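>>> My questions concern the predicted model and sequence given below.
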Amino acid sequence: MEWRHSSSLSPKQFRVQKSAGKFLASIFWDQHGILLIDYLPKGQTINAEYYSSLLVQLKDILKEKHREKFTKGVLFLHGNAPAHRALATQKKLACLGYQCLDHQPYSPDLAPSDYHLFPGLKKQLKVRHFSSEAEVIAAPETLLDGQASEFF
């Protein structure tokens, strides 16, 4: 309700166009740039099995991009999400030869994605309107590919 004079016109109501839906993206990166971006299919949740399959994909990408460094071993940092802490995931990490770093809760020093990568990405994507799911998927990849190597 609003206060107005009985002879005044009612205000115009603007229609808001809905943007395309949301996606959950898993982003793996190192000091050289983005290694893998995976978009979770709608209706699925990330569980240990799904996350383990991403780790296998990541190993293949690391072998391809950084073969000389891969033989020395991989230091791996991820969050404390249930899929990350699951026994099946821990076994897969050991099988793949990744050495996991402990993630301390509420530590900005050990959560570079939360404090460095995602805030800028969210800020740039927040103001955009997406008409299709393909645009939603392409936008973060374009923004991240355009970053200088010093950013990572």
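Great, that's in hand.

>>> Helices along this protein, start to end?
Defined through DSSP state H, the helices belonging to the chain, from first to last, are 48-65, 67-70, 82-85, 87-96, 112, 118-126, 133-145.

>>> for the record, mean pLDDT for the third one?
Mean pLDDT, computed over helix 82-85, is 88.

>>> Ok, the first one next?
Taken as a whole, helix 48-65 has a mean pLDDT of 92.

>>> Show me what that helix is packed against.
Counting contacts by 3 or more C-beta pairs under 8 Å, 6 or more residues apart in numbering; DSSP states H and E, helix 48-65 packs against strand 25-30, strand 33-39, helix 82-85, helix 87-96. Every residue, glycine included, has its C-beta placed from N, CA and C.

>>> what about Asn80, distance to Gln104?
Taking C-beta to C-beta, to the nearest Å as the criterion, Asn80 is separated from Gln104 by 9 Å.

>>> whoops, I mixed them up, Ser113
Using C-beta to C-beta, one obtains 14 Å as the distance from Ser113 to Gln104.

>>> So for those two, which residue has more residues nearby?
Comparing Ser113 with Gln104 by neighbour count (other C-beta atoms under 10 Å), the higher total belongs to Ser113, at 15 against 10.

>>> How about the more buried one: what's its closest non-neighbour residue?
Closest residue to Ser113 in three dimensions, ignoring its sequence neighbours and counting by C-beta to C-beta, 6 or more residues apart in numbering: Ile27, at 6.9 Å.

>>> hang on, isn't Ser52 packed against Gln90?
No. Counting by C-beta atoms under 8 Å, Gln90 is not a contact partner of Ser52; they are 9.8 Å apart.

>>> more neighbours, those two?
The neighbour count for Ser52 versus Gln90, taken as other C-beta under 10 Å, is higher for Ser52 (19 against 14).

>>> sorry, back to before: of the helices and strands packed on helix 48-65, which is nearest Glu68?
For the helices and strands packed on helix 48-65, distance to Glu68 was read as C-beta to C-beta. The smallest value, 13.7 Å, belongs to strand 25-30.
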